[in-house]
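Peer 1: Fold the following.
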Amino acid sequence: MTSSDMPPPEPERPPATPSDDRRHSQQEGSELDELRRRVSQLEGTRREPRHWLRALGSVLLIILASVLALLAVVAVWANSIVRDTDRYVATVAPLASNPDVQQAVTTRVTDAVLKQIDVDSLVAQLSQAAAQKGVPPRAASLIGDLSGPINSGLKELVSSTVMRVVSSSAFEKAWTDANRRAHTAVDKALTGSADTALTLKNNQVAIDVAPIVAQVKDRLVSSGFGAAAKIPDVHTDFVVVEGKDVGKIKSYLRVLQIIGNWLPIIAVLIAAAGVFLASHRRRALIGAALGVFAAMVVLGLCLTVFRAIYLDHLPPGTNADAAGAVYDSLVKFLRSSVRAVGALALVTALGAFFIGPSRAAVFTRHFCSRGIGAGRDVAASAGLRLGAVGRFVHRYKRWIGAAILAVAAIVLFTWSYPTTAVVIWTAVIVLVAFAIREFLDTAPA
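Peer 2: Reported below is the predicted structural model:
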């Protein structure tokens, strides 16, 4: 081949400079960013409405579940007061030893007894008896001026006698027995249709204290005041709850009593639906738990505010201290339920947080896992052999965890009236069970 047949040489290109390379890489990067932006716009156009609707539905369901949880706690409390005799007696029994209630009962019974004693007639009889005994007329007329001191002394005698009866252990037993017998009328009292020992009339829930008057009458007679034997049977009421809004409140309690058995279940199912609908279910579970916790805080604040409003609207002459003691006794178990449900919600939120991907959660899990693993290694070096047990736990580790949580949930839901202590101890036992599961978990060799 001759030199004329060979192709002409290509012209030499200038070598690429670093600025050209940077320009090409920047261009490629901008094109890649633009491509990503367009893809994200397309995906957002297709998926964003769906995610937005799911998030909105989840939030609405969680809010509804939180409100229903608040109503469910009140409904369960109302049902326990109406249907559970032991619960009702445990609610009102401490009132018998409350000093403010004792003073209020003493005042009520003393007034009822004194209304049955005609002091003027007693003074007239005393003056007539003095005249018949030959007492000078001037001395007999002086006796007629003693109606005031006699009335005062008689009031002191009756009041001290009533106080001794009310502060005795016999009164506590009589109070408890009377409330136990009267519990069958509580339902009617809340609906305003009772006419027995526990009644609701004139916006008052009252207990007939006639047995106490009878005991006072016997003690006055035994102490030498024979005129007390003429006191007839007196039926007078000791007001347990009083206020112009009692008629409305008992209607609300009646409604809650009817739906009380279903509200807790409905609240749980709606919360579960809200969590299931959410795109990030773990976060939704935390939100639902915190929503229930917030509802319990609101309910606790409402009980405190309503107490002040209730005491401010008492009729004139009512013993405010006794009314406050009665209110605190009636809502004692409601407050206990509020604290228990709030504690359960807070424990659930913490549990959902610590199974998440946050740094604090991951660090906590790794720290606990390594600590338990170190303890297992020490036990293995001392001769502990888990063998088939360790392999079984490793294979069914998730199922075992689910079983632990299921048992804890069953215990809490079947416990008649779980308290904060029950919730905390259940959470502690669950943590111990998970630690044991981790300790027994040995990967196959």
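
Peer 1: what packs against whichever strand or helix holds Gly324?
Peer 2: Per DSSP states H and E, Gly324 falls inside helix 320-330. Under the contact criterion of 3 or more Cβ pairs under 8 Å, 6 or more residues apart in numbering; DSSP states H and E, helix 320-330 touches helix 85-92, helix 99-114, strand 237-242, helix 281-312. Quick note: C-beta positions are derived from backbone N, CA and C, even for glycine.

Peer 1: Could you list the residues in contact with it?
Peer 2: 81, 91-92, 94-95, 98, 100-101, 103-104, 240-242, 307, 310-311, 314 (Cβ atoms under 8 Å, 6 or more residues apart in numbering).

Peer 1: what helices or strands is the one helix or strand Phe276 maps to leaning on?
Peer 2: Using DSSP H and E, the element containing Phe276 is helix 263-277. Packing contacts for helix 263-277, counted by 3+ Cβ pairs under 8 Å, 6+ apart, involve helix 18-83, helix 281-312.

Peer 1: quick check: angle from the helix holding Gly324 to helix 99-114?
Peer 2: Counting by axes from the mean of the first three to the mean of the last three Cα atoms, to 10 degrees, helix 320-330 lies at 120 degrees to helix 99-114.

Peer 1: Phi and psi next, for Ala382.
Peer 2: Per-residue torsions, Ala382: phi -90, psi 0 (degrees, to the nearest 10).

Peer 1: residues contacting it?
Peer 2: Contacts of Ala382 (Cβ under 8 Å, 6+ apart): none.

Peer 1: hmm, back to that, wait, which of the helices and strands packed on helix 320-330 is closest to Leu64?
Peer 2: Nearest of those to Leu64, taken as Cβ to Cβ: helix 281-312 at 9.6 Å.

Peer 1: so what secondary structure elements neighbour that closest one?
Peer 2: Partner elements for helix 281-312 (3+ Cβ pairs under 8 Å, 6+ apart): helix 18-83, helix 263-277, helix 320-330, helix 332-354.

Peer 1: Mean pLDDT added to the ones you listed, as TSV?
Peer 2: As requested, the helices and strands packed on helix 281-312 are arranged in TSV below (pLDDT from 0 to 100):
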stretch	mean pLDDT
helix 18-83	71
helix 263-277	91
helix 320-330	82
helix 332-354	92
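
Peer 1: Need the ones you listed in CSV (columns: mean neighbour count and distance to Gly387).
Peer 2: Formatted as CSV, those follow (neighbours: other Cβ atoms under 10 Å; distance: least, Cβ to Cβ, whole Å):
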stretch, mean neighbour count, distance to Gly387
helix 18-83, 15, 46
helix 263-277, 18, 39
helix 320-330, 18, 58
helix 332-354, 19, 31
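
Peer 1: Any idea which of those gets closest to Ser416?
Peer 2: By Cβ to Cβ (comparing all of the helices and strands packed on helix 281-312), the closest turns out to be helix 18-83, at 8.6 Å.

Peer 1: how about low-confidence regions in the protein?
Peer 2: Within the chain, the ranges that satisfy pLDDT under 70 run 1-50, 82, 116-151, 181-211, 217, 222-258, 260, 443-445.

Peer 1: one more time with 50
Peer 2: 1, 16, 18-24, 45-48, 191-198 (pLDDT under 50).

Peer 1: So what's the residue count around Ile259?
Peer 2: Per other Cβ atoms under 10 Å, the neighbour tally for Ile259 reads 13.

Peer 1: before we move on, the earlier item: can you tell which of the helices and strands packed on helix 281-312 is closest to Leu157?
Peer 2: Closest approach to Leu157 among the helices and strands packed on helix 281-312 (Cβ to Cβ): helix 320-330, 23.0 Å.

Peer 1: so that closest one versus helix 332-354, what angle?
Peer 2: Using the same axes, to 10 degrees: helix 320-330 against helix 332-354 is 50 degrees.

Peer 1: What's the PyMOL syntax to select whichever of the contacts of helix 320-330 are buried?
Peer 2: Entered in PyMOL, the line below selects the buried ones among the contacts of helix 320-330, by 16 or more other Cβ atoms under 10 Å:
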select buried, resi 81+91+92+94+95+98+100+101+103+104+240+241+242+310+314
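
Peer 1: Find the nearest non-adjacent residue to Ser66, please.
Peer 2: Of all residues not flanking Ser66 in the chain, Gly291 sits nearest, at 3.7 Å (Cβ to Cβ, 6 or more residues apart in numbering).
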